[in-house]
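Enquirer: below are the sequence and a predicted model; questions follow.
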Amino acid sequence: MEPKLQKAFADMRELEKGAIANPDEGRMIKPPSCPTGRFTQVLSVGIGGSALGPQFVAEALAPDNPPLKIRFIDNTDPAGIDHQIAQLGPELASTLVIVISKSGGTPETRNGLLEVQKAFREAGLDFSKQGVAITQENSLLDNTARIEGWVARFPMFDWVGGRTSEMSAVGLLPAALQGIDIKEMLVGASIMDEANRSTVVKNNPAALLALCWYWASDGVGSKDMVVLPYKDSLLLFSRYLQQLVMESLGKEFDLDGNRVNQGLSVYGNKGSTDQHAYIQQLREGVHNFFVTFIEVLRDRPPGHDWELEPGVTCGDYLFGMMQGTRAALYSNDRESITVTVQEVTPRAVGALIALYERAVGLYASLVNINAYHQPGVEAGKKAAGEVLALQKSCKEPVEPLTLEEIADRCHAAEEIEMIYKIIAHMAANDRAIIAEGNCGSPRSIKVFLGECNVDDLFT
Ligand SMILES: O=P(O)(O)OC[C@H]1O[C@H](O)[C@H](O)[C@@H](O)[C@@H]1O
């Protein structure tokens, strides 16, 4: 693998110098360099790379009593949004809302913002005095924040990828507000970056990690990566890695245009908890994975340890469970990687993030794909837009119609199944009325749509 890795190192050197590493979007991808009072809470609104890093870091590093406690809205689920706002209760008045979106136009994030702004209006609060935006300059979000006069706007550079933005304002602002030492996070990332610039493969942690992935999955993603940190505070690492690894490496075509369908699936929560869930299959069942153990040597802060049996602490059990599982998997020819961390500190978390970001970049070079775009995500967004357009086209006030009649009026006869799905969703939310039949047998139903209400049924 030496020649392939030397090529990967050269690619990475060019990337850091500002080469166009994302050719089909014509973008540079560089790691970013970075620059209490009346608020008691932070509400972060964002999704994907604009949520997963901050969520991981909050879980890993926020102190027990942070100066500001953070909550997240990371979806367009109305009930989920209501839940977050309800939990804030009267503290909405002292909540700093950080809206994070690189593009500034992601629909879920826009919807979250509109819902939060509605809650502010209903509580008689002025959102602009409590809103902050992190986004690219001149994006829709940036312009909204500027026109409405929000508290602050933090820029995101074009060359900071969403899923590699944790070390930019996206991750650092929420972390700093929770009292996390962001300078230490940056120091950790910087030390790791330095190590990963070595072109001597054995001295380069990210290259070794990428090589392990290549070897374990035959360079074609033939095995899944199960990430098992043995530390509760690292629970969200695998979820964070899911986007970083899968959105970067899951590609249909390589850089030469060959269809390769590359990727590396990631899942996992934490040990030893998962030992009581699926380790049975890992040890004895289908051999379609490799494990990454994240081992943390320090159990508790100094001076807090306690022996629950003579000579044995709770942390000794956790350690024993990890070593035991590792040995048990090995004895049945199941491969594993172990990443050892002294202690979960801002420096270690910064280093972990930098390690995996770099490993993904090197691995992408090894398998000759663009790690920095996500064309597949667009297909789902486009289709969602089409469903909403179809729903809007159905919205005229009409007499009860069958699904076929609705489809005809929408000029979408071939979309009958989608029409049925739209009607079932609208009916469940009292926005369409099933006049005859029921949703369980689609052919039987007749539906009132649009402006109609219950009274229409009787006129
Ligand atoms: O930060 P935003 O522009 O709102 O993007 C949020 C997310 O949107 C899409 O799903 C992209 O595939 C992700 O890479 C990105 O992190």
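Expert: Arrived safely.

Enquirer: please make it C-alpha for all contacts and neighbour counts, starting now.
Expert: Will do.

Enquirer: the ligand contacts on the stretch 151-300 of the chain?
Expert: By CA under 6 Å from any ligand atom, the residues of the stretch 151-300 of the chain that approach the ligand are 162-163.

Enquirer: please parse this protein into its domains.
Expert: In the assignment given by the TED database, the structural domains of the chain cover 1-180, 184-373, 383-456.

Enquirer: quick one: the strands in the stretch 251-400 of the chain, in order.
Expert: For the stretch 251-400 of the chain, the strands defined by DSSP state E, counting those that start in this stretch occupy 266-267, 289-296, 307-309, 312-313, 336-341.

Enquirer: could I get the average pLDDT for the third one?
Expert: With pLDDT averaged residue by residue, strand 307-309 scores 95.

Enquirer: so in that sheet, which strands flank that strand, and in what orientation?
Expert: The strands beside strand 307-309 in its sheet (DSSP bridges) come out as strand 312-313 (antiparallel).

Enquirer: same check, this time on the first one
Expert: Each strand that strand 266-267 pairs with, and the sense of that pairing, follows from DSSP bridges: strand 224-229 (parallel).

Enquirer: now the element after the strand it pairs with, going C-ward?
Expert: Of the helices and strands lying after strand 224-229 in sequence (DSSP states H and E), the nearest is helix 237-249.

Enquirer: quick one: contacts of that following helix?
Expert: Among residues not part of helix 237-249, those counted as contacts by CA atoms under 8 Å, 6 or more residues apart in numbering are 48-49, 52-53, 56, 163-164, 227-229, 262-269, 356-357, 360, 364, 369-374.

Enquirer: what residues does the stretch 1-150 of the chain put near the ligand?
Expert: 47-50, 101-104, 106.

Enquirer: might one say that Ala8 is in contact with Asn368?
Expert: No - the pair Ala8 / Asn368 is not scored as a contact, 9.1 Å apart, by CA atoms under 8 Å.

Enquirer: between the two, who's got more neighbours?
Expert: When Ala8 and Asn368 are compared for neighbours, Ala8 comes out ahead with 22 against 18, by other CA atoms under 10 Å.

Enquirer: give the other helices and strands that the helix or strand that one falls within contacts.
Expert: Mapping Ala8 onto the secondary structure by DSSP H and E places it in helix 2-17. Judged by 3 or more CA pairs under 8 Å, 6 or more residues apart in numbering; DSSP states H and E, the packing partners of helix 2-17 are helix 346-366.

Enquirer: could you say what helices and strands the helix it packs on packs with?
Expert: helix 2-17, helix 52-61, helix 182-196, helix 205-216, helix 237-249.

Enquirer: isn't Gln41 up against Asn65?
Expert: No - taking contacts as CA under 8 Å, Gln41 lies outside contact range of Asn65: 11.6 Å.

Enquirer: more neighbours: the two, which one.
Expert: Using other CA under 10 Å as the criterion, Gln41 and Asn65 rank with Gln41 on top: 23 against 9.

Enquirer: check contacts around the more buried one.
Expert: With contacts taken as CA under 8 Å, 6+ apart, Gln41 has the following neighbours: 68-71, 91-92, 94-96.

Enquirer: how about a cut-off of 6 Å?
Expert: Under the criterion of CA atoms under 6 Å, 6 or more residues apart in numbering, the neighbours of Gln41 are 68-70, 95.

Enquirer: how near is Asn204 to Val97?
Expert: With distances defined as CA to CA, to the nearest Å, the gap from Asn204 to Val97 amounts to 40 Å.

Enquirer: and if you look at Trp213?
Expert: Taken as CA to CA, the spacing of Trp213 relative to Val97 amounts to 39 Å.

Enquirer: between these two, which has more neighbouring residues?
Expert: When neighbours are counted by other CA under 10 Å, Val97 comes out ahead of the other of Trp213 and Val97, with 27 against 24.

Enquirer: so where's the chain uncertain?
Expert: Counting by pLDDT under 70, the low-confidence segments of the chain come to 29-37, 395-398, 450-459.

Enquirer: switch the cut-off to 80
Expert: Within the chain, the set of residues satisfying pLDDT under 80 comprises 20-21, 23, 25-37, 390, 392-398, 449-459.

Enquirer: contact residues of the stretch 301-450 of the chain facing the ligand?
Expert: Contact residues of the stretch 301-450 of the chain with respect to the ligand, defined by CA under 6 Å from any ligand atom, are listed as 374, 377.

Enquirer: ok, which stretches of the stretch 301-450 of the chain are helices?
Expert: With DSSP state H, counting those that start in this stretch as the definition, the stretch 301-450 of the chain shows helices at residue ranges 314-331, 346-366, 375-393, 403-409, 416-428.

Enquirer: so what touches the longest one?
Expert: Translated: helix 346-366. Applying CA under 6 Å, 6+ apart, the set of residues contacting helix 346-366 is 4, 8, 184-185, 188-189, 192, 206, 210, 371.

Enquirer: what angle separates it from strand 336-341?
Expert: Interaxial angle of helix 346-366 relative to strand 336-341 (axes from the mean of the first three to the mean of the last three CA atoms, to 10 degrees): 140 degrees.
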